[in-house]
Every structure is written in C-alpha cells, then in structure tokens.
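Engineer: generate a structure from the sequence data that follows.
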Amino acid sequence: MRTRAWGVAGLALLGAASWLVVPPALDRWIGGPLFAQAPPVPAAPDPRFAGLQWGFVRVHYTAWTFPPRPGVSPYDEPWYIDAPAADWNLSRRVRTATAIQVNDPIEIRLQDPDLFNHPWIYIVEGGNLRLKDAEVPILREFLLRGGTLTFDDFHGPIEWSNVEGELKRVFPDRRIIDLPKDHPVFNCFYHFETFPQTPGLGSFLMGRTWEKGGYVAHLRAIEDDNGRAMVLINWNVDMGDGWEWSNASEYPGYVKYTAQAYRMEINEIIYTLTH
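Structural biologist: Now for the predicted structure:
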C-alpha cells in the first residue's frame, strides 16, 4: 500500500485537466460509457497536479443477505448499482473541480492483492452486504494501514443493522460514531452546515427525500487509533443516484441534490487523501 504517499501535498483548488466527455445520459442510451474518450491512466505521478491521486474503486462483493438468483448477471447484482455512470460522473467532477490526479474507475474484490494500491474504496447497497470470512481480516488490515472505505445507498433501521453487524465483524472493539459538525470532512473543500440528504431518484419522483424509514441523513464513521475516520458511512442517503443522474435533463428538480452529492463526496475524498 502506498500509504502516506496519498496524503502528501496540500489541497489544490481549481482546474485540473478536462477532456472531451460524453454526457452520462447519452452513455445510458448507448449502453455504457465511451471508454475511448477518457484520458489514459497515468503511469506515474504527473507534475501538473497537486501531488494527490485518486480513483473510483468499486468493491465487487459476492455474498449477500439473500440467496443468489440463478441466471442473474453480475452487473444486475447489488454491488453494481448506479454503475458505471455514477463512477465516471464523479471521476469527471473530481477532475474538473480539483487538482487531484484522477485515474479511471475500476472494480475490485477485497481478496485482490491490488486492493492495497488504492486509498479509497466504495461499497454500495451495504444493506445487502455479507462479508466472506476470508474478506474480514483483509478489510481490517486495509483500513488500519491507511485505507478508507465509504458506504453509500442504504437506508432505514433494518439495513443499518446489517451494516453495523458486518462492521462489528471487522472491528469488534471499535465504536461507530456520528461525525460532529466541526469535523474536517465538512469543511476541507466545500463548507457544509449539516450532512445533506441526497434522495434516490425514485424517492425524489415520489416527492420525498427518504426511503425505508430512513428519515434523517447521517455521516457516521469508525476511527483508527489516531482519530482518522477510516470508514465513512453515508446512511439514509443515495449519493450514487445523485452522481448517476446528474446530467439527466428530464429531471431538472433533481439537480440541487446531485450538486450536494458531488460536493459532499469530494469533501470525503479530499479528507481521505489528506488524513
């Protein structure tokens, strides 16, 4: 793991590189992103950037709280919700809003040795997650060696209970805490007074910001021995939908939520790379 190499330099403010992009809405019409239009993955640190590197690393988990359904494509499973549009859209936004060197999105399994080459990983739909026994110590080591895991898109007390139970398997003796308003994650790039609630698009279309009884948005965390939030838990929010649908012109009222989702996640990424 390139542990402290991630968080070396100070923050940069504006204007990294840009490239010719295809609107995500168009991506969906053509069945996926136009990978040929993304820049190549940098092979080495690029001096044009601020010394920070990040890439969207989606965890491909293969065990769930429900039995596998025969014949279902892996890309219809919970781990792939909102992909690939959410992954690419957030990557484009981080690239254009900051001077972080952004690599192309990838998917990874926790047992892949390459896991330790990435500072930030993402698990979606944690309410369905069941960690395999072999994955538990790997995830613990990844986090204690400086990695950060972000949970997103799970809601209500039942799904919370599942995520809490899985994290107890990883860290039986560490508490899950609510991050206070003065925590750096709320001010390290954009300023937030409170943790914003990004509704899923389905909830938005029903005229509400919550689902499954998850009325209040929380940003919770598990800290390491130095007080670094190594697990960031976006509960009762669906940032992934916010990134996925950010360019959908047919839902103009949803734009304010996508903006919140981008800004809050950029804060979480910058916090990850600098702490």
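Engineer: state the helix or strand in which the residue lying closest to residue 177 once chain neighbours are set aside lies.
Structural biologist: Beyond its immediate neighbours in the sequence, the residue positioned closest to residue 177 (Cβ to Cβ, 6 or more residues apart in numbering) is residue 221, lying 5.9 Å away. All C-beta atoms are positioned from the backbone trio N, CA, C, and that covers glycine. Secondary structure here is read from DSSP states H and E; on that basis residue 221 sits in strand 218-223.
Engineer: kindly report the same for residue 163.
Structural biologist: Secondary structure here is read from DSSP H and E; on that basis residue 163 sits in helix 156-170.
Engineer: list the contacts of whichever helix or strand comes after that helix.
Structural biologist: Following helix 156-170 in sequence order, the next helix or strand is strand 177-178 (DSSP H and E). Contacts with strand 177-178, where a contact means Cβ atoms under 8 Å, 6 or more residues apart in numbering, come from 218, 219, 220, 221, 222, 223.
Engineer: now do strand 177-178, average pLDDT.
Structural biologist: Within the predicted structure, the mean pLDDT of strand 177-178 is 98.
Engineer: direction included, what does it pair up with?
Structural biologist: strand 218-223 (antiparallel) (DSSP bridges).
Engineer: which residues does the strand it pairs with contact?
Structural biologist: With contacts defined as Cβ under 8 Å, 6+ apart, strand 218-223 is touched by 143, 167, 171, 174-179, 185, 195, 229-236.
Engineer: drop anything exposed from the residues you listed.
Structural biologist: Under a neighbour-count criterion of 16 or more other Cβ atoms under 10 Å, the subset of those counted as buried comprises 143, 167, 171, 174, 176, 179, 185, 195, 229-236.
Engineer: quickly find the element holding the residue nearest the centre of the chain.
Structural biologist: With distances taken as Cα atoms, centre = their mean, the chain has residue 122 as the residue nearest its mean C-alpha position (4.4 Å). The secondary structure element spanning residue 122 is strand 120-124 (assigned by DSSP H and E).
Engineer: restricting to C-alpha, output that strand in CSV.
Structural biologist: The C-alpha atoms that make up strand 120-124 are tabulated as CSV, following Å, rounded to 0.1, in the frame of the first residue of the first chain:
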residue,chain,number,x,y,z
TRP,A,120,-10.3,4.7,-1.2
ILE,A,121,-12.9,2.0,-1.9
TYR,A,122,-16.7,2.2,-2.2
ILE,A,123,-19.4,-0.2,-1.2
VAL,A,124,-22.9,0.5,-2.4
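Engineer: quick one: buried residues of the helix or strand just after it?
Structural biologist: Helices and strands here follow DSSP H and E; after strand 120-124, the next one along the chain is helix 135-144. By neighbour count, and taking 16+ other Cβ under 10 Å as the criterion, the buried residues in helix 135-144 are 135, 138, 139, 140, 142, 143.
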